[in-house]
Structures are given as C-alpha cells and as structure tokens.
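1. 3D, please:
(one chain, ligands or ions: 2)
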Amino acid sequence: MRTAKDFFAPLAVGAPAPLREIPARPSRAIHFFDPGNEKMAAKVPAMVGTVDVLLGNLEDAVKAENKEKSRLGLVKIGQEVDFGPTQFWTRINSLDSPWVLDDLTTLVPAIGDKLDVIMVPKVQGAEDIHYIDRLLAQLEAKAGITKPIQVHAILETARGVANIEEICAASPRMQGLSLGPADLAADRRMKTTRVGGGHPGYLVRQDPTDGDIEGLRTTYQQDLWHYTIARMVDACAMHGIYPYYGPFGDIKDVVACEDQFRNAFLLGCVGAWSLHPVQIKIANKVFSPSVEDVKHARRVIAAMGDGTGAVMLDGKMEDDASVKQCKVMVALADELAA
Ligand code: GLV
Ligand code: MG
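-> Residues are numbered from 1 along each chain as shown. Ligands and ions are numbered 1, 2, ... in the order given. Okay, here's the model as predicted:
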C-alpha cells in the first residue's frame, strides 16, 4: 500500500526520514456536515462513495446549546452508516473549550473503531497533540480499539504557525495539517472579514510608466495565504504527513474557490475542505492532476530512460529533477485511480 512517505519521497531528498507510514487514501475534499442538523445528517448515507472524506463538525458553526445534540448525532451516524471507501472524520471542539472532554470521552468508546481521523482545532504547540495522544491512547485501550485514531491539526493561530515543526512531529498519530484562514486571520490581526480566499484590496499594481499609455495600470490580486501554505507544505513534506487548504466561505464564488484550491494544489496540498456539495466537485477536479499533465509526465519519464543525464523535449531541458517532479504527478494519478 502506498503511504505518505511514498507520496513525498520524490520531494524529500536530503530530508530526515518521515516518522511514520500513513496509508495514502485520497482526501481531496473533506466535506463538513453538522451531525446535529437532521437535514444534513439524513444526506450522509447517500454521500458515501461520492466524496473522499465526510467530517462531522462539532466545533465552530455549531451553537453552544447544540453541542451535545451534534455530538450524539455523530455517534448515531457513526454507528449506523457503513462508510465504505469514504473516510469518516470529526472536528472536535478546541482544547480551551468546555466541550472537548465530553467530545472525546463520548466519541471514542462509541465510534472510535469507525473514526479514521480526529481534527483538532487551534493547535498551539506539541503539548496540545501530546494531550490528545495520551487521552486517545487511554480511551482506545479502555474500549479495546486496536487501530489508532489519527490526528489532524488545524493551523489557525500565530503560535501554531511558529510551532509548526514540533506539531508535525508530536505524535505518530499525526495525519496532516489544514490551514484555518479565518481564525488565523483574526489571531494575526489581518484586516479580512471573510472565511478564506483572497481579498480585492491585496494586490500588486503594474508599473504605470511603461510606454506612456494612458490608463494602463493593470492590477493582480495576490494570494493572501501563500506564505502559510508554503510553510505548511514544507513542514508536512519533511515529516511525511499531508497538507490541506481549509475552508472557502463564499460558496457562490466558484471561480475564486477553484483558483484558491488550485494555488494550494500547485504548492503541494493534497486537498481542501468542502462546506457545500458544489465545493466537493471543485476539490475533486483541482486536486486530481489533469490528463494532459500526467501524459506529459509519463513522456518525460520515458524519455529520460535510466533517469540520469539530460534530454531535450519540445525545446525544454529535462533532467533527473524533472523526472522526480513528474513522478510526483504520476504517483498521485495512480493513487487516485487505485
Ligand atoms: C477554520 O476553522 C478557520 O478558522 O478558517
Ligand atoms: Mg477555525
């Protein structure tokens, strides 16, 4: 079975060996639902097989008075639904909330054998992962659960970003990291008021002096999240875990959503969150390499023979390093086709 280590191997030359072997299962769209919302919960069985990950959300977006209802709704879904090829995840409440202990002590004995990954919000440092790791080990042992539940941390505080390396390395349970742009923006005191994506005011302007053409002052919107995504991708590659873009709140703006997801994909992310079924389609498309790209990658690999030296293909120089990049593309295509 391919693992995260295989996925990153072509990128990890010279890096320390990844810490663990995580089975590589596609997770292009992590689709969020509120298990306490009857309408949403009723749709879950029919979504199995249509999306890589179904995540029952217990944290933000669930009102305080509904926390217990959502938690119990998740238990019911976990007990009743056969998830087949779809992964079953949850996002628990944050460690500084009054709900998280009940989340874990309720969920693990009841559906710990079904849960693939627990997403932990607002992770600040390794100590948060150590706490979760210990608690899960105790609850799993008590419940006789033999397959360790994996842990996914959301990067949504400046301290979390500063401690990114130690968070990735904090436990063999670590499966991946997601960017949490909304909370991170607030924590950093950025001047955004939206959930992920760009901002029309964050741009570069072309130098207007070129050619003296009146009114020629082209602007380009910049990716507000480039720095954090790049940092997250490096840390995940080094530690053999998976990086994800998080939520995109403007459901109607499918173009900007696709652009944001694609930027994340091109930088190395393997998936993103979906807040509406329309975003599942976008993520599945964006986080799967295109047929043309895979065809080209296979052509480069074939042309390079034993992988050493260099060849000219369509006027471009290809060498060992291009083969490594092409193998990333082909490995992902094979993994998604499996
Ligand atoms: C997600 O939880 C975010 O804060 O963006
Ligand atoms: Mg958040």
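
2. and the host helix or strand of D187, which residues are buried?
-> In the assignment (DSSP states H and E), D187 maps to helix 181-188. Buried residues in helix 181-188, counted by 16 or more other Cβ atoms under 10 Å: P181, A182, D183, L184, A185, D187. To be clear about C-beta, it is placed using only N, CA and C from the backbone, and glycine gets the same treatment.

3. Hmm, the fourth one is touching E156, no?
-> Right, L184. Yes - the pair L184 and E156 qualifies as a contact (Cβ atoms under 8 Å) at a distance of 4.6 Å.

4. Which of the buried residues of helix 181-188 sits closest to ligand 2?
-> Closest approach between the buried residues of helix 181-188 and ligand 2, by Cβ to the ion: D183, at 3.6 Å.

5. How about that closest one, nearest residue that isn't a chain neighbour?
-> Excluding its sequence neighbours, the residue lying closest to D183 (Cβ to Cβ, 6 or more residues apart in numbering) is E156, at 3.6 Å.

6. Give the next helix or strand downstream of the helix or strand containing M40.
-> Assigned by DSSP H and E, M40 belongs to helix 38-47. Per DSSP H and E, the first helix or strand lying C-terminal to helix 38-47 is strand 53-57.

7. could you dump the helix holding D187 to PDB, C-alpha only?
-> The C-alpha coordinates for helix 181-188 follow below in PDB (Å, rounded to 0.1, in the frame of the first residue of the first chain):
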ATOM      1  CA  PRO A 181      -7.600  31.000   7.300                       C
ATOM      2  CA  ALA A 182     -10.500  32.600   9.300                       C
ATOM      3  CA  ASP A 183      -9.200  32.100  12.800                       C
ATOM      4  CA  LEU A 184      -5.600  32.600  11.700                       C
ATOM      5  CA  ALA A 185      -6.500  36.000  10.100                       C
ATOM      6  CA  ALA A 186      -8.100  37.100  13.400                       C
ATOM      7  CA  ASP A 187      -5.200  35.800  15.500                       C
ATOM      8  CA  ARG A 188      -2.800  37.700  13.300                       C
END
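
8. Alongside ligand 2, which residues does the chain contribute?
-> The interface of the chain toward ligand 2, taken as Cβ under 5 Å from the ion, is made up of E156, G180, D183.

9. Tell me the one of those nearest A46?
-> G180 (28.4 Å; Cβ to Cβ).

10. Tell me where the model's unsure across the protein.
-> The chain contains residues with pLDDT under 70 at 1-23, 208-217.

11. How about the residue nearest the centre of it, nearest residue that isn't a chain neighbour?
-> In the chain, the C-alpha nearest the mean C-alpha coordinate belongs to Y244, at 2.1 Å (Cα atoms, centre = their mean). Counting by Cβ to Cβ, 6+ apart, the nearest residue to Y244 once its immediate chain neighbours are dropped is S178, at 4.3 Å.

12. Distance check, the nearest residue to G309 once chain neighbours are set aside against I251.
-> Once flanking residues are discounted, G309 sits nearest to D319: 7.1 Å by Cβ to Cβ, 6+ apart. Distance from D319 to I251, counting by Cβ to Cβ, to the nearest Å: 44 Å.

13. and I154, how many residues sit next to it?
-> Counted with other Cβ atoms under 10 Å, residues neighbouring I154 total 24.

14. just C236 next, same as before
-> Around C236 there are 24 other residues, counting by other Cβ under 10 Å.

15. Adjust the sequence numbering to begin at 10 for everything that follows.
-> Yep, numbering from 10; the last one is C245 now.

16. ok, it - contacts?
-> F17, C177, G185, L186, Y251, P252, G277 (Cβ atoms under 8 Å, 6 or more residues apart in numbering).

17. among those, which are in strands?
-> In this view, the contacts of C245 that belong to strands under DSSP state E are G185, L186, Y251, P252.

18. Which among those count as buried?
-> Counted by 16+ other Cβ under 10 Å, the ones in strands among the contacts of C245 give G185, L186, Y251, P252 as buried.

19. thinking again about what came up before, for the ones in strands among the contacts of C245, which one is nearest F41?
-> For the ones in strands among the contacts of C245, the minimum distance to F41 (Cβ to Cβ) is 15.6 Å, reached by G185.

20. doesn't G249 make contact with that closest one?
-> No - with contact defined as Cβ under 8 Å, G185 does not count as touching G249 (10.2 Å).
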